[in-house]
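In: give me coordinates for this.
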Amino acid sequence: MTITHNVASDMSELVDPDEKIEWLGSGYGGHDDNGTFLGVAEGPVWIPESNHLVFTDNGRGVRYRWSESEGVVVLDTDTNQANGQTRDPQGRLIWCEHAGRRVCRRESDGSTTVVAGSYRGLRLNRPNDVVTDADGGIWFTDPFTFGVQSEVDLAGVYRVAPDLSSINLVLRDFAMPNGLVFSLDETVLFVNDTARMHIRAFEIDRWAAAGGRPDLATDRVVVTMRGDAPGAPDGMKVDAAGRLWCTGPGGIWVIDPESGSHLGTVLVPGHSVTNFTFGGADLKTLFFTTYTDFGRVRLRVPGVTVPRSVRRSS
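Out: Okay, here's the model as predicted:
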């Protein structure tokens, strides 16, 4: 594997330049023999209690589990084209359904709860990715995509109250909102826009969420991604030092969230990376999905997984 970097930072501090990508699975998504698009591998989530990971094949509606001992095994076979996934502070799995046009949650007894399926009586477009805040609020993106007949008529970001009593539209000025992640102290929400190839940052008065719609202000473009290699802003996370990691042209970009400096790229040649997560016992393994494959690479720094403790400023 080749690591690129610029004068802003030496990527060798984050990844050993001689580290190799290990491919763990293949044959997901892609196209059939007739050239019909079948979707992509997506939504990797690390489960630290049992040292395994789950990810999805959104086109086939399959959820997989990976562990060191078993490798990749089928977990669910009817996910309504589940895409982005996360966990809440109770450890429950939450996912976005393309075909179901909703966000769902797996309860401790194995049952499924619909977190959000409509807004003001109008059916959602095609929920894409999801995160939770420390209070249990559920935030998700809902873009215009893939010919879905829109009822809401906007591409937005929503927040569902922890008790599921309300759903609020918090952001709407997007072409294709996709990945989203909080800063370590949850004072900033980062949302990327695949169509515009950029990442935006929004300051949050998170305490206002108790009264319903959080106050998001100070909108700024953090970085616009440019490059000829395959890939676009999609999956996004932060590491333990607060650096922003995001899929982009060539692989997975590392970005200074304040200056927007592109610190470097973990290159995945010949692939378009769709999403990723930090995992392993020390959270120093970067697990990632592409259109058709699932792999990992070791890092020198730990990431952040979910659910997590929030480092709030006093």
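In: what about Trp46, which SS state?
Out: Three-state assignment for Trp46 (DSSP: H, G, I helix; E, B strand; the rest coil): strand.
In: and it, bridged to which residues?
Out: Leu53 (DSSP bridges).
In: I figured it hits Trp66, correct?
Out: No: assessed by Cβ atoms under 8 Å, Trp46 is found out of contact with Trp66, at 9.9 Å. The way it works is simple: take the backbone N, C-alpha and C, and place the C-beta from them, glycine included.
In: touching both of these two, which residues are there?
Out: 53, 287 (Cβ atoms under 8 Å, 6 or more residues apart in numbering).
In: next up, the contacts around Asp193.
Out: Contacts of Asp193 (Cβ under 8 Å, 6+ apart): 174-178, 199-200, 233.
In: also Glu68?
Out: Asn51.
In: residue most distant from the centroid, the chain?
Out: The outermost residue of the chain, judged against the average C-alpha position, is Asn34 (29.9 Å), by Cα atoms, centre = their mean.
In: what separates that residue from Ser272, distance-wise?
Out: 21 Å (Cβ to Cβ, to the nearest Å).
In: just the buried ones from the contacts of Asp193, in ChimeraX syntax?
Out: Command for ChimeraX that selects the buried part of the contacts of Asp193, burial taken from 16 or more other Cβ atoms under 10 Å:
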select :174,176,177,178,199,200,233
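In: which single one of the contacts of Asp193 is nearest to Thr79?
Out: Comparing these against Thr79 with Cβ to Cβ places Asn178 closest, at 18.9 Å.
In: local confidence estimate at the closest one?
Out: On pLDDT, Asn178 comes in at 97.
In: in this structure it contacts Phe144, no?
Out: No: counting by Cβ under 8 Å, Asn178 stays clear of Phe144, with 11.7 Å between them.
In: Asn128 and Gly39, how far apart?
Out: 12 Å.
In: now Ile252
Out: 20 Å.
In: tell me the pLDDT of the closest residue to Val306 other than its chain neighbours.
Out: Spatial nearest neighbour of Val306, excluding adjacent residues (Cβ to Cβ, 6 or more residues apart in numbering): Arg87 at 4.9 Å. Predicted confidence (pLDDT) for Arg87: 97.
In: sorry, back to before: now do the contacts for the residue farthest from the centre of the chain.
Out: With Cβ under 8 Å, 6+ apart, Asn34 has no contacts at all.
In: Three-state assignment for it, please.
Out: Per three-state DSSP, Asn34 ends up coil.
In: pretty sure Gly295 sits against Glu22.
Out: Yes: under the criterion of Cβ under 8 Å, Gly295 makes contact with Glu22 at 6.1 Å.
In: the more surrounded of these two?
Out: Gly295 (20 against 11; other Cβ atoms under 10 Å).
In: what's the distance between the more buried one and Val72?
Out: 11 Å.
In: quick check on the residue nearest to Val306: phi, psi?
Out: Torsion angles at Arg87 (phi, psi; degrees, to the nearest 10) stand at phi -130, psi 150.
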